[in-house]
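S.K.: Fold the stuff below for me.
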Amino acid sequence: MIRADLIDVDRARRLARRVLLAAGLALGGVAALAPRLGNGPESIDARGGDLVIALDVSRSMLAGDVAPTRLARAKEQVVELAARSGGDRLGLVLFAGEARLAVPLTQDLDSFASLVARADVESVLRGGSDLGAALEAALAVLRPTDDGEPAPRSIVLLTDGEDLAGRGLRAARQCRERDVRVHCVGFGTSLGSKIVIESGHGPAFLRDRSGSEVLSALDADGLLRIAAATGGEFVDGGAAGHALLELYDRRIAPKSSGAVDVGERRAPASRYQWPLLAALLLWIVELGLTDRGRP
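M.R.: A predicted model of the protein is given here:
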């Protein structure tokens, strides 16, 4: 005769096994959902290079020898580049007779493109064209990495090449000493064009101090010298519809394969280990009950 108390113990053991197995499966399902709880450090490894766009917003960029204007065409190509660039950080310097940082290095390329689209000749107060100021401002953005590791760093100068201050080539040599390559994208034609501006009586041609109408032409030779001084390249932005993008694909993107910014940020921490560990412990206990139940 089988004792009643032994039957009760066996039933209790089978019930406990079922409960443990079901609870373990439930906890395993929770672990599969990768729950996040609290904040923990998360490493950041940004792949790509640092690229500063130096955009000429002087009034000579309003010339219409590149349709619709030199400035409009240049902005279109920068926005196109922002849409293509992946892991790179982009910065924006606007310049005329002086230069100012409009966008620090960022990977928020939607905001970058939006700010480029808003740039106009009113973005910089001092008139004229100082390529040296543009390169110096761009170079100041491209600080060496903290660990001293070389990172791909470039400047792209988008301009008609007029350098009234005459400091562009000297600033380019400073870029070369810092291992920063300068590429130039020129806008305009060698024949040049008059510059249409808005006056109190409607559109009018820009005049110099003597009253003569200003004729602005692309200085391709000057831009070629600046690019060559750093090992960069000059391309005609008006002749090719996607000159900047083609330059990026050919000369900049292939070098932008290293990590440029490694750090940590606080982010919700994954806690899948906790329910998974609990599930394993329950299954171990369930297996122990199975072994003890065998004759």
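S.K.: Against Arg153, how distant is the residue nearest to Ser58 when sequence neighbours are not counted?
M.R.: Excluding its sequence neighbours, the residue lying closest to Ser58 (Cβ to Cβ, 6 or more residues apart in numbering) is Ala96, at 3.9 Å. All C-beta spots, glycine's among them, are computed from the backbone N, C-alpha and C. Distance of Ala96 to Arg153, given as Cβ to Cβ, to the nearest Å: 24 Å.
S.K.: Chain neighbours aside, what residue packs nearest to the residue nearest to the spatial centre of the chain?
M.R.: Closest to where the C-alpha atoms of the chain average out (Cα atoms, centre = their mean) is Arg89, at 2.8 Å. Spatially, and ignoring its direct neighbours in sequence, Arg89 is nearest to Leu105 (4.2 Å; Cβ to Cβ, 6+ apart).
S.K.: Can you pull the phi/psi pair for the one you found?
M.R.: phi -60, psi 130 (degrees, to the nearest 10).
S.K.: again with Pro104
M.R.: The phi/psi pair for Pro104 (degrees, to the nearest 10) reads phi -60, psi 170.
S.K.: what about the residue lying closest to it once chain neighbours are set aside, how many residues close to it?
M.R.: Of all residues not flanking Pro104 in the chain, Gly91 sits nearest, at 5.8 Å (Cβ to Cβ, 6+ apart). Residues lying near Gly91 (other Cβ atoms under 10 Å) number 21.
S.K.: what packs against the helix or strand harbouring Gly91?
M.R.: Using DSSP states H and E, the element containing Gly91 is strand 89-95. Applying 3 or more Cβ pairs under 8 Å, 6 or more residues apart in numbering; DSSP states H and E, we find strand 89-95 packed against strand 50-56, helix 70-84, strand 99-106, helix 109-118, helix 131-141.
S.K.: and the second one, what other elements does it pack with?
M.R.: Secondary structure elements in contact with helix 70-84, counted by 3+ Cβ pairs under 8 Å, 6+ apart, are strand 50-56, strand 89-95, helix 109-118, strand 153-159, helix 243-247.
S.K.: Take these and lay them out in CSV including mean pLDDT.
M.R.: Listed next are the helices and strands packed on helix 70-84 as CSV, based on pLDDT from 0 to 100:
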stretch, mean pLDDT
strand 50-56, 97
strand 89-95, 97
helix 109-118, 96
strand 153-159, 97
helix 243-247, 95
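S.K.: Could I get the full set of helices for the chain?
M.R.: 4-32, 70-84, 109-118, 131-141, 168-177, 220-229, 243-247, 273-292 (DSSP state H).
S.K.: hang on, the earlier thing: show me what the residue nearest to the centre of the chain is bridged to.
M.R.: Under DSSP bridges, the beta-bridge partners of Arg89 are Asp50.
S.K.: Let me know whether it touches Gln107 as I believe.
M.R.: Yes - applying Cβ atoms under 8 Å, one finds Arg89 in contact with Gln107, separated by 5.4 Å.
S.K.: residues contacting the nearest residue to Ala165 once chain neighbours are set aside?
M.R.: Distances taken as Cβ to Cβ, 6+ apart put Asp130 closest to Ala165, at 4.1 Å, once the chain neighbours are dropped. By Cβ atoms under 8 Å, 6 or more residues apart in numbering, the residues touching Asp130 are 95-99, 163-165, 167.
S.K.: quick one, what contacts Val79?
M.R.: If you count contacts by Cβ under 8 Å, 6+ apart, Val79 has them with 113, 116-117.
S.K.: check contacts around Phe95.
M.R.: So Phe95 contacts 54-58, 124, 129-131, 133-134, 137 (Cβ under 8 Å, 6+ apart).
S.K.: between those residues, which is closest to Ala217?
M.R.: Ser129 (12.6 Å; Cβ to Cβ).
S.K.: Tell me, how many residues neighbour the closest one?
M.R.: By other Cβ under 10 Å, 25 other residues sit near Ser129.
S.K.: Touching, it and Ala96? I think so.
M.R.: Yes - under the contact definition of Cβ under 8 Å, Ser129 touches Ala96, with a separation of 6.3 Å.
S.K.: Any chance of TSV for the contacts of Phe95, columns distance to Arg18?
M.R.: TSV is the format used below for the contacts of Phe95 (distance: Cβ to Cβ, whole Å):
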residue	distance to Arg18
Ala54	71
Leu55	71
Asp56	76
Val57	75
Ser58	80
Val124	76
Ser129	82
Asp130	81
Leu131	80
Ala133	78
Ala134	75
Ala137	72
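S.K.: which one of those residues sits closest to Gly241?
M.R.: Gly241 lies nearest to Leu55 out of the contacts of Phe95, by Cβ to Cβ, at 18.0 Å.
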